[in-house]
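Enquirer: Take this sequence and fold it.
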Amino acid sequence: MPYETLTYAVEQHVATITLNRPEVLNALNALVFDELEDNFTDIDRNEAVRVLLITGAGPKSFAAGADINELARTTAATGEQMSLRGQSVFSLVENCGKPVIALINGFALGGGCELALACTMRLASETARLGQPEIKLGILPGYGGTQRLPRLIGASRALRLLLTGDMISAEEALRIGLVDEIHPAAELLAKGHALAKQIATAAPLAISGTLEAVHRGAHIHLHEGLRVEAELFGQLCETEDKAEGAAAFLAKRPAHFIGR
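Expert: Presented below is the predicted three-dimensional model:
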């Protein structure tokens with residue numbers, strides 16, 4: 001279906017979602033969250049999609065954060081609801097069962113940085129700038145930033161960003177582990193597509209199983225995580241794709257996975 005605030009296309013099992021409000025640096029408002037929720041709900045059911053890319057329209061911004069006009073009107077009650085809404089949608093991104101690669105093509109600030117944090121991987125252009133400046137507005141990150149950022153880069157480094165509100169370069173983001181790769185802006189989309197297509201050649205159930213094992217294991221003891229791994233490994237051993245993968249390897253031919 002057509003959307004007002006984003007575009008969506010699927011090619012060779014790779015979906016590309018583009019936040020499409022370049023006139024406001026792709027700021028996140030209520031309609032953006034509604035359309036992202038609808039989009040990711042569809043993606044969860046769409047077997048044609050194995051990997052996703054998410055980026056921002058225009059050369060300046062991935063997503064510049066929350067819509068300040070909406071934020072200015074919040075109260076204690078409506079602010080909490082705004083936070084819960086953003087958290088819910090970004091949890092859909094994080095737990096859709098398919099790898100989501102953020103292509104950070106410019107500013108990723110506030111909610112934009114939190115959206116990138118909810119993604120599986122983060123590739124940035126050389127011109128990208130990232131940060132959580134909410135403290136300068138008298139608030140804190142409300143869409144998962146206080147929780148995902150420390151888990152990704154460590155509490156001390158996260159608190160430095162959260163308490164100063166500093167905006168950092170792509171190079172600094174790479175150094176502290178906030179992004180995984182940096183590429184020239186003109187090459188970012190192509191690099192993202194190449195990585196997505198490489199992942200998309202793998203068995204879909206193995207991809208989702210790997211994501212599940214890592215996500216579940218991150219919040220439990222090691223011995224429990226190993227049990228989760230063994231359980232998922234056993235389930236995958238019963239799939240048609242496992243039989244195809246083994247047969248293809250023995251026959252020295254490419255495997256053709258179907259997600260069953």
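
Enquirer: Assign the closest residue to residue 244 other than its chain neighbours to helix, strand or coil.
Expert: Once flanking residues are discounted, residue 244 sits nearest to residue 255: 5.4 Å by Cβ to Cβ, 6 or more residues apart in numbering. Any C-beta I mention is one placed from the backbone N, CA and C, and that applies to glycine too. Under DSSP: H, G, I helix; E, B strand; the rest coil, residue 255 falls in the coil class.

Enquirer: cool, residue 96 as well?
Expert: Recorded secondary structure, residue 96: coil (three-state DSSP).

Enquirer: check contacts around it.
Expert: Taking Cβ atoms under 8 Å, 6 or more residues apart in numbering as the criterion, residue 96 is in contact with 40, 43-44, 52.

Enquirer: List only buried entries from the residues you listed.
Expert: Neighbour counting over the contacts of residue 96 (16 or more other Cβ atoms under 10 Å) leaves 40, 43, 52 as the buried ones.

Enquirer: Export these as a markdown table, with columns for pLDDT, distance to residue 133 and secondary structure.
Expert: Shown next, in a markdown table, are these (pLDDT from 0 to 100; distance: Cβ to Cβ, whole Å; DSSP: H, G, I helix; E, B strand; the rest coil):
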| residue | pLDDT | distance to residue 133 | secondary structure |
| --- | --- | --- | --- |
| 40 | 91 | 26 | helix |
| 43 | 87 | 30 | helix |
| 52 | 97 | 27 | strand |
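
Enquirer: now the residues you listed as CSV including distance to residue 146?
Expert: Shown next, in CSV, are the buried ones among the contacts of residue 96 (distance: Cβ to Cβ, whole Å):
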residue, distance to residue 146
40, 22
43, 27
52, 25
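
Enquirer: Surely residue 139 forms part of a helix?
Expert: No - looking at residue 139 with three-state DSSP, it is coil, so not inside a helix.

Enquirer: Run a quick neighbour tally on residue 79.
Expert: Using other Cβ atoms under 10 Å, residue 79 has 14 other residues around it.

Enquirer: That one in helix, strand or coil?
Expert: Here residue 79 is recorded as helix under three-state DSSP.

Enquirer: any idea how far residue 246 is from residue 236?
Expert: The gap separating residue 236 from residue 246 is 11 Å, by Cβ to Cβ, to the nearest Å.

Enquirer: likewise residue 91?
Expert: 35 Å.

Enquirer: How about residue 159?
Expert: From residue 159 to residue 246 the distance is 48 Å (Cβ to Cβ).

Enquirer: can you check residue 92 too?
Expert: Distance from residue 92 to residue 246, by Cβ to Cβ: 34 Å.

Enquirer: for residue 50, same thing?
Expert: Using Cβ to Cβ, residue 50 is found at 20 Å from residue 246.
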